[in-house]
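# Sequence below, structure please.
(one chain, ligands or ions: 1)
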Amino acid sequence: MNYPLPTYFLKRSARSRHIRLRVEAGGHVTVSAPARATDSTIKNFLEGHASWLRAKVEYFKKIPEPTLARSQEKKLFESHKYQAKALAEHKLKQWNERYGFSFKKVAIRNSRSRWGSCSSSGTISFNYKIAFLPEALADYLVVHELCHIKEPNHSHAFWSIVAHTVPDYTEKRRALRDFEKTFGHLNTSANTNILIETNIRNENENF
Ligand SMILES: [Zn+2]
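Purely as a prediction, here's the structure:
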């Protein structure tokens, strides 16, 4: 039996190792795939999960979308991305005087599930919502990503270098999670929406 595939948003990432499907409230489907995955590999994967996917989309269509609609969020992103970038660059420079790590560039993204990330090629990315964070949390976020240049994991060694400049990082992590709850859309509990996750190795940041 062939089921038609729903409309989906395809995200390719050099860091993804597997194809991953995510269905969110409203029935929105996101497919994350490794940069090298061919279109036909992706299509085959989707077709292999078509009946499952259709059932989930039907189910999630009935769940109201979170408060901030996609279109609103897009506007918010467009109107704050430059401010967010200037802020992130300023803070990176400031904190990196203490660390002296080398990174290549800063990117600002409109993500629903991440505050930031740090790629192996040296790009540090932040959610545009950094522009809305209280100063101390923006500092923590910047230090967190900057330290991933040195330690691309959440090991003890990683937290100990974070602690050089943010000794109370445990409290900051908690405060950042609390902030998310007040800000419409950044759901850390991305897990509740991820329905198929093929064995991917911790692609989502765990703040
Ligand atoms: Zn991290």
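
# From the contact counts, what lies against the helix or strand hosting Phe179?
Element membership of Phe179, judged by DSSP states H and E, is helix 169-182. Contact here means 3 or more Cβ pairs under 8 Å, 6 or more residues apart in numbering; DSSP states H and E; on that basis helix 169-182 packs against helix 135-150, helix 156-165. Where C-beta positions appear, they are placed from N, C-alpha and C, glycine not excepted.

# Could you check the angle the last one makes with helix 135-150?
Helix 156-165 runs at 140 degrees relative to helix 135-150, counting by axes from the mean of the first three to the mean of the last three Cα atoms, to 10 degrees.

# who's Thr123 bridged to?
Lys105 (DSSP bridges).

# returning to that earlier point: so which bits of the helix holding Phe179 are buried?
Using 16 or more other Cβ atoms under 10 Å as the burial criterion, the residues of helix 169-182 that qualify are 169, 172-173, 175-176, 179-180.

# what does stretch 75-91 give?
Result for stretch 75-91 [16+ other Cβ under 10 Å]: buried residues 76-77, 80-81, 84-85, 87-89, 91.

# That stretch - what's its average pLDDT?
Average pLDDT, stretch 75-91: 93.

# Tell me which residues are up against that stretch.
68, 106, 108, 110, 124, 126-132, 138-139, 142 (Cβ atoms under 8 Å, 6 or more residues apart in numbering).

# ok so, going back, now render the helices and strands packed on helix 169-182 as CSV, adding distance to Asp39, mean neighbour count and mean pLDDT.
Shown next, in CSV, are those (distance: least, Cβ to Cβ, whole Å; neighbours: other Cβ atoms under 10 Å; pLDDT from 0 to 100):
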stretch, distance to Asp39, mean neighbour count, mean pLDDT
helix 135-150, 31, 21, 95
helix 156-165, 36, 14, 97
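
# and Ser117, which of these is closest to it?
Among the helices and strands packed on helix 169-182, the nearest to Ser117 by Cβ to Cβ is helix 135-150 (7.1 Å).

# That closest one: how far from the chain's middle?
15 Å (Cα atoms, centre = their mean, to the nearest Å).

# Same check on stretch 6-25?
For stretch 6-25, the distance to the chain centre is 12 Å (Cα atoms, centre = their mean).

# Out of the contacts of stretch 75-91, which comes closest to Asn96?
Closest to Asn96, out of all of the contacts of stretch 75-91 and judged by Cβ to Cβ, is Val142, at 9.1 Å.

# On the three-state scheme, the closest residue to that closest one other than its chain neighbours is what?
Leaving aside its chain neighbours, Val142 sits nearest to Lys91 (4.3 Å; criterion: Cβ to Cβ, 6 or more residues apart in numbering). What DSSP: H, G, I helix; E, B strand; the rest coil gives for Lys91 is helix.

# Got the domain ranges for this structure?
Domain ranges of the chain: 8-66+189-197, 70-182, per automatic domain parsing.

# weakest of those domains by average pLDDT?
domain 8-66+189-197 (a mean of 77).

# ok so, going back, select, out of the helices and strands packed on helix 169-182, the one closest to His18.
Here helix 135-150 is closest among the helices and strands packed on helix 169-182 (Cβ to Cβ), at 21.4 Å.
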